[in-house]
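Chemist: can you look at this prediction? I've put the sequence above it.
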Amino acid sequence: MKLHILHCGTIRVSETVPYGGRIDLNNTRRQLLTPDERRAELPVCCYLLEHPRGPVLVDAGWRRDLSPAGVYDPKAVARVLPRHLAALYHPALPADAAIHEQLAARGLRPEDLACVVLTHLDPDHVAGLRHLRGARRIVLPEDEYFWSCRTVYKARQPQSLWIDEPIERLYYRGSPLGPVHLAIDLFGDESLTLVNVPGHTDGQAAVLIRSGARFVLLAADAAYSPRNWREAITPGLGFDRERQLASLRWIAETEKAPGCAGVFCSHDPGVPAGTIEF
Ligand SMILES: [Zn+2]
């Protein structure tokens with residue numbers, strides 16, 4: 001199978017977002033108030049998989065009106081995101097980097113997508129959904145949708161970005177996979193499995209893609225780079241540190257399992273855009 005790693009814009013965040021350890025008010029304050037020049041710039045990844053059933057997209061990235069000229073534009077961001085999220089992310093979307101622009105460059109329309117898989121509902125993963133109208137399916141774990149009623153997620157996941165999109169909600173089932181043994185076998189053939197990796201959000205899915213004896217794991221925001229699971233450092237953006245640690249332990253085990261062709265995080269500056277074949 002071929003997996004294209006796409007960079008659909010950037011976030012500029014405090015170092016405590018990827019490697020923050022604690023989740024508390026002090027940390028949150030730092031994440032919102034760190035000046036732009038002291039932030040780390042991280043990519044926002046989407047993944048395009050050439051699957052036998054048709055092209056599958058994982059996550060949707062930012063949307064064009066956040067960054068009309070392709071650069072960080074606080075006024076444009078303020079029209080799309082609430083103030084605290086604008087302060088958290090400092091997003092930018094360079095020219096031709098929006099998901100529909102990248103699909104068009106490959107000769108693909110949203111209607112050509114067999115499925116769009118959403119790992120979770122944070123805005124950097126779903127804002128681009130409006131560019132994908134017409135996709136044959138858009139799927140999300142029911143747990144993620146259900147818990148979006150929590151106060152913390154109401155603040156993190158503005159409904160205006162996703163509530164009107166035709167999202168199909170799929171239930172996790174008992175599985176040998178994952179830190180909490182919950183997963184969704186999307187096509188019923190183990191080629192693409194959404195594995196619940198809670199901690200960043202309740203319902204977040206990592207995506208396990210199998211091709212014969214080989215597999216790739218897309219860890220979403222359970223980690224920001226291998227440093228998180230190799231040194232057991234929890235990211236500072238999440239809701240439950242113990243669950244984050246359990247998810248990191250599972251990712252570490254999975255990376256060592258036979259057949260692993262790579263583990264990729266949604267915001268790892270060490271992973272360039274490009275194609276891997278496995
Ligand atoms: Zn993210």
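Modeler: Here it is on my side, so go on. Numbers count the residues shown, from 1 in each chain.

Chemist: from now on I want contacts and neighbour counts done on CA atoms only, so please keep to that.
Modeler: OK.

Chemist: quick check: beta-bridge partners of the residue minimising distance to the centre of the chain?
Modeler: Nearest to the geometric centre of the chain sits residue 220, at 4.3 Å (Cα atoms, centre = their mean). Note on residue 220: beta-bridge partners residue 265, judged by DSSP bridges.

Chemist: now it: how far from residue 73?
Modeler: 26 Å (Cα to Cα, to the nearest Å).

Chemist: and for residue 108?
Modeler: Computed as Cα to Cα, the residue 108 to residue 73 distance reads 28 Å.

Chemist: which one of these two is surrounded by more residues?
Modeler: A count of neighbours by other Cα atoms under 10 Å puts residue 73 above the other of residue 108 and residue 73, at 17 against 14.

Chemist: in this structure that one contacts residue 93, no?
Modeler: No: with contact defined as Cα atoms under 8 Å, residue 73 does not reach residue 93; the gap is 9.7 Å.

Chemist: what do the two both touch?
Modeler: 66-67 (Cα atoms under 8 Å, 6 or more residues apart in numbering).

Chemist: thought the residue nearest to the centre of the chain was touching residue 266?
Modeler: Yes: checked against Cα under 8 Å, the pair residue 220 and residue 266 is within contact range at 4.9 Å.

Chemist: what about the stretch 1-150 of the chain, any weak spots by pLDDT?
Modeler: For the stretch 1-150 of the chain, no stretch has pLDDT under 70.

Chemist: tell me where it has helices.
Modeler: For the stretch 1-150 of the chain, the helices defined by DSSP state H, counting those that start in this stretch cover 16-19, 25-33, 74-80, 83-89, 99-105, 123-126, 142-147.

Chemist: now those in a markdown table, with distance to residue 177 and mean neighbour count?
Modeler: Below are the helices of the stretch 1-150 of the chain laid out as a markdown table (distance: least, Cα to Cα, whole Å; neighbours: other Cα atoms under 10 Å):
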| stretch | distance to residue 177 | mean neighbour count |
| --- | --- | --- |
| helix 16-19 | 25 | 22 |
| helix 25-33 | 32 | 15 |
| helix 74-80 | 37 | 16 |
| helix 83-89 | 32 | 19 |
| helix 99-105 | 30 | 19 |
| helix 123-126 | 23 | 23 |
| helix 142-147 | 17 | 18 |
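
Chemist: columns distance to residue 257 on top of these, output as a markdown table?
Modeler: Formatted as a markdown table, the helices of the stretch 1-150 of the chain follow (distance: least, Cα to Cα, whole Å):
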| stretch | distance to residue 257 |
| --- | --- |
| helix 16-19 | 25 |
| helix 25-33 | 34 |
| helix 74-80 | 41 |
| helix 83-89 | 34 |
| helix 99-105 | 32 |
| helix 123-126 | 28 |
| helix 142-147 | 27 |
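
Chemist: isn't residue 55 up against residue 112?
Modeler: Yes: under the criterion of Cα under 8 Å, residue 55 makes contact with residue 112 at 7.1 Å.

Chemist: any idea what the closest residue to residue 166 other than its chain neighbours is bridged to?
Modeler: Spatially, and ignoring its direct neighbours in sequence, residue 166 is nearest to residue 138 (6.9 Å; Cα to Cα, 6 or more residues apart in numbering). Here residue 138 sits in beta bridges with residue 116, going by DSSP bridges.

Chemist: who's in contact with residue 138?
Modeler: Neighbouring residues of residue 138 by Cα under 8 Å, 6+ apart: 115-118, 166-168.
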